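Chemist: Show me the folded form of this:
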Amino acid sequence: MSSSDGRFLTPSNHGALVGMAVAIGMVWTILVFSIRIFIRLSIVPPFGQDDAAASLGLIVAVGQATATLVSVHYGLGQRESRLTNSQLDGFLQSSYAAAILYIIAIAASKCSTSLLIARLTRTKHHLIASHSITVFIALWALASVLAIAIPPWDSEKRLKSYQPDRYTRWAVIEGFSMAIEGIIFALSIYLVWSLYMPLKTKAVVVGAFFCRILIIPPTIVRLRFLSSVLHNTDLTYDSVNPAILTQVVMHFSLMACTIPCMKQFLRAFDTDLGHTININQKSVHSFTGSGKSRSQSHGGSYVLHSIDKSGEASTPTRSAGHQLSRGVEEIRLRPEKVLSRADVSRANADEAQEEHSFYSEGSERAIIRKTQRWDVTFHAEQREE
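Modeler: Numbers count the residues shown, from 1 in each chain. Below you'll find the model as predicted:
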């Protein structure tokens, strides 16, 4: 049988199933990655380290998919007895490359998620935890690649003691991989645990990172299929299911590292009905009480602004000749002869060191902030004629 017959699905050739899995996975991965690039270039710049890791993962995934298709060309999915020695060697070499690239791709997706968590916070212990996990992932990837690469994959060892030994290595590698997914999920919980925000909001944040936990079931199934290959004598034909599950795990892992960024993408298409987005993006973060930037406000106190129908905060009309010692100007809120003033101040002035959490170096819309407690005081005095 010629190797070109791998394009067709027959009872003795299942290589086309692998080709379909590769095609579907690449389409979805590229689509989701394009959304991520759109978010970083148009909605929430800049392009950060987490995006660079995701980009690396996509590039490696393209290489892994190519190596998988080459293995299909050389006989993956076909009966081993119908392949020539040159075809079998080509299958083994391409499968060897695909296995190494698979590890690098999923490691890049894990690093992208841990770096994204580091991007979402400016708290020191959160940053230490996130970067520590990133370093651990890199070390795991290096050790895993060496475990698969040594000894080399050759035709003389494939059906003997080398193959069971390889399954043992895969079991250890995937075991650490699933443990890392659990650690990343636990880190997302740790990220929002001490924040003062509604439980529903915390659940949304944690739920976005929970998607990575869904990678664990197909990983377990993949190991199960790899184990079943040990008990069969037809390596090329019985490797179809592990190859398909490899594509599922790799592509879903790459897509999962973008899911926490999707809210920013959906915000770009918001119609502003109900003022669900523009208010907290502009009126809350862009204006301070005295019409100045946050760094110019005094004493942690702000004057309330009116919000028009467009969701923008309108600049208050200043009362002539009235300036408070704390730097907050009085505003004429009512036309009658009553002098009214609304002051908003933080309950604890010693918390001023948390001010940098609101800036986060220009990437404030993608950062989870610590909630401050504020006191609102209203004053009304009879205005002199």
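Chemist: all contacts plus neighbour counts: C-alpha atoms, from now on.
Modeler: Will do.
Chemist: host element of Ala99?
Modeler: Element membership for Ala99 (DSSP states H and E) is helix 85-119.
Chemist: Report the mean confidence score over that helix.
Modeler: Mean per-residue pLDDT for helix 85-119: 93.
Chemist: Tell me which helix or strand comes right after it.
Modeler: Downstream of helix 85-119, the first helix or strand assigned by DSSP H and E is helix 124-149.
Chemist: what's the angle between that next one and helix 85-119?
Modeler: With axes from the mean of the first three to the mean of the last three CA atoms, to 10 degrees as the basis, helix 124-149 and helix 85-119 are set at 170 degrees to each other.
Chemist: got the buried residues for helix 124-149?
Modeler: Residues 126-127, 129-131, 133-134, 137-138, 140-141, 144-145, 147-148 are the ones in helix 124-149 that count as buried (16 or more other CA atoms under 10 Å).
Chemist: And for stretch 77-91?
Modeler: Buried residues in stretch 77-91, counted by 16+ other CA under 10 Å: Gly77, Gln78, Arg79, Glu80, Leu83, Gln87, Leu88, Asp89, Gly90, Phe91.
Chemist: go on, stretch 48-59?
Modeler: Asp50, Asp51, Ala53, Ala54, Ser55, Leu56, Gly57, Leu58.
Chemist: contact partners of it?
Modeler: 29-30, 33, 36-37, 104-109, 111-116, 119, 254, 257 (CA atoms under 8 Å, 6 or more residues apart in numbering).
Chemist: pull the CA atoms of that stretch into CSV?
Modeler: What follows is stretch 48-59, C-alpha atoms only, in CSV (Å, rounded to 0.1, in the frame of the first residue of the first chain):
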residue,chain,number,x,y,z
GLY,A,48,3.1,41.0,27.5
GLN,A,49,5.1,38.0,28.5
ASP,A,50,2.0,35.8,28.8
ASP,A,51,1.2,36.6,25.2
ALA,A,52,4.7,35.8,24.1
ALA,A,53,4.4,32.4,25.8
ALA,A,54,1.1,31.8,24.1
SER,A,55,2.7,32.7,20.8
LEU,A,56,5.5,30.3,21.4
GLY,A,57,3.0,27.6,22.2
LEU,A,58,1.1,28.2,18.9
ILE,A,59,4.3,28.1,16.8
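Chemist: Report pLDDT for Ser290.
Modeler: pLDDT, Ser290: 40.
Chemist: same deal with Tyr74?
Modeler: 93.
Chemist: That one: what's it in contact with?
Modeler: Taking CA under 8 Å, 6+ apart as the test, what Tyr74 contacts is Ser3, Gln87, Leu88, Gly90, Phe91.
Chemist: any idea how far the fourth one lies from Thr84?
Modeler: Gly90 sits 10 Å away from Thr84, taking CA to CA, to the nearest Å as the criterion.
Chemist: Format the buried residues of stretch 77-91 as TSV; extra columns: distance to Trp170.
Modeler: TSV is the format used below for those (distance: CA to CA, whole Å):
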residue	distance to Trp170
Gly77	21
Gln78	24
Arg79	24
Glu80	23
Leu83	26
Gln87	25
Leu88	22
Asp89	21
Gly90	22
Phe91	19
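Chemist: which residues in this structure form strands?
Modeler: 301-302, 306-307, 313-314, 318-323, 329-331, 338-346, 374-382 (DSSP state E).
Chemist: Got the domain ranges for the chain?
Modeler: Domain segmentation of the chain under automatic domain parsing yields 3-267, 278-382.
Chemist: Contacts for stretch 244-255 next, please.
Modeler: Contacts of stretch 244-255 (CA under 8 Å, 6+ apart): 17-18, 21-22, 25-26, 28-29, 32-33, 54, 57-58, 61, 65, 102, 105-106, 109-110, 212, 215, 218-219, 221-222.
Chemist: Skipping its backbone neighbours, what lies nearest Ala147 in space?
Modeler: Distances taken as CA to CA, 6 or more residues apart in numbering place Arg169 nearest to Ala147, at 6.7 Å, with adjacent residues excluded.
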